[in-house]
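*Asks:* what follows is a predicted structure for the sequence shown.
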Amino acid sequence: MAETTIITGHVLSFVAQPFDVNIADAAKFHEAVAITGGHVAALGTVADLTRRFPHAACVDHPGKLVMAGFVDAHAHYPQTAIIASWGKRLIDWLNSYTFPEEMRFGDPAYAAEIAARHLDLTARNGTTTICSFCTTHPASVDAYFTEAQARGQRIIAGKTCMDRNAPDGLRDTAQSAYDDSKALLDRWHGVDRLTYAITPRFSPTSTPDQLDALGSLWAQHPDCPMQTHLSEQTDEIEWVMGMFPEARDYLDTYERHGLLRPGGLYGHAIHLEPRERDRLREVGAAVVHCPTSNTFIGSGLFDMGRRKAEGQIVGLATDTGGGSSFSMLRTMAAAYEIGQLTGTPLHAAQLLWLATQGSAEALRMGGVIGNLAPGADADVVVLDLASTPAIAQRTARADDLWEAVFPTIMMGDDRAVSEVWIGGVRQFFDA
Ligand code: GUN
Ligand code: ZN
């Protein structure tokens with residue numbers, strides 16, 4: 001029989017969306033969680049769980065927050081080494097920093113090095129699942145999946161497809177994008193904890209033929225996610241509309257090529273037209289908010305309050321290296337700040353939900369990851385709520401647990417991450 005471990009602390013579990021019901025009705029705290037064979041077995045009191053699992057090992061984290069590992073719903077692992085590159089807006093930033101770096105991923109050894117570095121950096125920050133773009137090179141996809149598989153980690157990733165407006169060496173064709181994506185999907189999708197995502201970078205770098213080809217691939221594999229970018233900057237939108245004069249709006253450049261379905265993940269989606277907002281909701285497609293990227297590249301303010309009030313599925317993500325941090329704590333802080341600028345102060349419970357269950361639901365993996373509930377994967381992060389003197393002195397003043405958690409969201413970094421469990425396996429401990 002598989003061994004059981006009981007982790008104690010302030011164990012957070014969501015039973016509803018904290019956007020739909022009161023925080024107290026959505027978020028429950030337990031004394032302990034039991035994990036068996038890579039899955040959550042039960043939540044309860046210490047007495048209850050030690051009675052049910054008398055031979056379990058116990059790992060105690062008094063005063064710490066024990067919760068599902070963070071789920072980063074949109075990242076570019078190949079941009080790890082160019083994070084925090086100065087002074088450009090989107091299209092210039094892609095041409096100056098991103099494309100030259102992505103050219104290097106034809107070299108499998110370089111791809112393997114950066115894949116490992118990205119998974120190290122994100123795990124150290126408490127992220128246990130990532131949905132990432134790779135580069136146009138199939139080797140970049142093999143490298144990322146190989147590394148994640150060796151770690152027993154749940155990863156969603158795909159070959160980025162681009163057949164125009166990108167330099168030689170980074171362009172594929174409509175046919176090769178289809179063939180390579182299909183071969184990678186057949187090799188990796190559903191193997192262990194790996195999921196293949198069909199990945200057109202965005203409309204400006206794909207011809208209508210390539211969008212069509214990827215639309216048919218998705219129609220053949222509707223259980224796969226499809227990830228892309230949508231309406232990130234206003235000059236990008238103008239560029240897209242000039243390139244697709246027949247399209248009703250930016251979303252329509254995907255829709256008319258079979259690239260709008262449930263399972264679609266549209267990164268950024270800041271400057272949406274009313275029709276786009278309605279269609280995304282009707283279809284049940286997800287948008288992914290990337291707040292540190294939106295401020296860093298100067299893209300604009302995503303209106304989380306309105307999107308959630310309308311019932312839009314929203315994930316949360318770093319978007320590294322357009323995003324300026326590998327940390328989902330820093331990402332939640334930026335989401336809070338953008339919420340303030342758009343008139344919605346997000347509660348700590350809403351931020352933690354977005355960074356876990358919100359992203360999981362966007363990925364159609366709710367119930368599997370992003371929440372500590374019986375049967376879910378045992379991906380766990382343990383957060384020290386007093387990890388620096390500045391945070392500790394504020395936490396000491398807190399009147400309740402949520403007030404104690406919020407300073408770590410706003411000011412915490414990898415020092416707040418005491419422990420991470422991936423698939424029930426403990427990764428590292430306090431120094
Ligand atoms: N739009 C198309 N490609 C990218 C990218 O790599 N990063 C961001 N932030 N936006 C994009
Ligand atoms: Zn992106």
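*Replies:* Thanks, I have the structure now. Ligands and ions are numbered 1, 2, ... in the order given.

*Asks:* what's near enough to touch the residue of the stretch 201-350 of the chain found nearest ligand 1?
*Replies:* Among the residues of the stretch 201-350 of the chain, Gly322 lies closest to ligand 1, at 3.0 Å counting by CB to the nearest ligand atom. C-betas here are computed from N, CA, C, even on glycine. By CB atoms under 8 Å, 6 or more residues apart in numbering, Gly322 lies in contact with His76, Gln79, Leu90, Trp93, Thr98, Cys290, Ser293, Phe296, Ile297.

*Asks:* can you rerun that using 6 Å?
*Replies:* By CB atoms under 6 Å, 6 or more residues apart in numbering, the contact set of Gly322 is Ser293, Ile297.

*Asks:* kindly report the same for Gln227.
*Replies:* Neighbour list for Gln227: Ala197, Thr199, Leu265 [criterion: CB under 6 Å, 6+ apart].

*Asks:* could you list which of those belong to strands?
*Replies:* When DSSP state E is applied, the contacts of Gln227 are split such that Thr199, Leu265 fall in strands.

*Asks:* where in the stretch 301-431 of the chain is pLDDT low?
*Replies:* Along the stretch 301-431 of the chain, the model assigns pLDDT under 70 to residues 429-431.

*Asks:* now with 50, please.
*Replies:* 429-430 (pLDDT under 50).

*Asks:* ranges for the helices of it?
*Replies:* Along the stretch 301-431 of the chain, the segments classed as helices by DSSP state H, counting those that start in this stretch run 304-310, 328-341, 348-353, 359-362, 389-395, 401-411.

*Asks:* can you tell me which helices and strands the fourth one packs against?
*Replies:* Just to be clear, that refers to helix 359-362. strand 70-76, strand 313-316 (3 or more CB pairs under 6 Å, 6 or more residues apart in numbering; DSSP states H and E).

*Asks:* pull out the CA atoms of stretch 40-51 and give them to me as CSV.
*Replies:* Extracted C-alpha coordinates of stretch 40-51, given in CSV (Å, rounded to 0.1, in the frame of the first residue of the first chain):
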residue,chain,number,x,y,z
VAL,A,40,-4.7,14.2,-1.8
ALA,A,41,-6.4,11.6,0.3
ALA,A,42,-8.2,13.7,2.9
LEU,A,43,-8.5,17.0,4.7
GLY,A,44,-9.4,17.3,8.4
THR,A,45,-8.2,17.8,11.9
VAL,A,46,-4.9,16.3,13.0
ALA,A,47,-6.7,13.9,15.4
ASP,A,48,-9.1,12.7,12.6
LEU,A,49,-6.3,12.2,10.1
THR,A,50,-3.9,10.4,12.4
ARG,A,51,-6.8,8.1,13.4
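
*Asks:* now do the SS call for the residue of the stretch 151-300 of the chain found nearest ligand 2.
*Replies:* Nearest residue of the stretch 151-300 of the chain to ligand 2: Gly267, at 4.7 Å (CB to the ion). Recorded secondary structure, Gly267: strand (DSSP: H, G, I helix; E, B strand; the rest coil).

*Asks:* do I have it right that it meets Glu232?
*Replies:* No. Contact between Gly267 and Glu232 fails when scored by CB atoms under 6 Å: they sit 7.3 Å apart.

*Asks:* the helices of the stretch 301-431 of the chain into JSON lines, with extra columns for mean neighbour count and distance to Ile7?
*Replies:* JSON lines is the format used below for the helices of the stretch 301-431 of the chain (neighbours: other CB atoms under 10 Å; distance: least, CB to CB, whole Å):
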{"stretch": "helix 304-310", "mean neighbour count": "17", "distance to Ile7": "30"}
{"stretch": "helix 328-341", "mean neighbour count": "22", "distance to Ile7": "20"}
{"stretch": "helix 348-353", "mean neighbour count": "25", "distance to Ile7": "17"}
{"stretch": "helix 359-362", "mean neighbour count": "28", "distance to Ile7": "20"}
{"stretch": "helix 389-395", "mean neighbour count": "15", "distance to Ile7": "21"}
{"stretch": "helix 401-411", "mean neighbour count": "20", "distance to Ile7": "17"}
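
*Asks:* so which of these comes closest to Arg52?
*Replies:* Among the helices of the stretch 301-431 of the chain, helix 401-411 comes nearest to Arg52, with 25.1 Å by CB to CB.

*Asks:* which strands and helices sit next to the closest one?
*Replies:* helix 328-341, helix 348-353, helix 389-395.

*Asks:* list the contacts of Ala334.
*Replies:* Here Ala334 is in contact with Pro291, Thr292 (CB under 6 Å, 6+ apart).

*Asks:* following the helix or strand containing Glu147, which helix or strand comes up?
*Replies:* Using DSSP states H and E, Glu147 sits within helix 138-151. Downstream of helix 138-151, the next assigned helix or strand under DSSP H and E is strand 154-158.

*Asks:* what sits up against the next helix or strand after that next one?
*Replies:* Downstream of strand 154-158, the next assigned helix or strand under DSSP H and E is strand 160-161. Identification of contacts with strand 160-161 by CB under 6 Å, 6+ apart yields Phe133, Cys134, Thr135, Thr136, Asp172, Ala177, Thr199, Pro200, Arg201.

*Asks:* would you turn the residues you listed into a markdown table with pLDDT, neighbour count and secondary structure?
*Replies:* As requested, these are arranged in a markdown table below (pLDDT from 0 to 100; neighbours: other CB atoms under 10 Å; DSSP: H, G, I helix; E, B strand; the rest coil):
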| residue | pLDDT | neighbour count | secondary structure |
| --- | --- | --- | --- |
| Phe133 | 99 | 26 | strand |
| Cys134 | 99 | 27 | coil |
| Thr135 | 98 | 28 | coil |
| Thr136 | 98 | 26 | coil |
| Asp172 | 98 | 22 | coil |
| Ala177 | 98 | 28 | helix |
| Thr199 | 99 | 28 | strand |
| Pro200 | 99 | 28 | strand |
| Arg201 | 98 | 22 | coil |
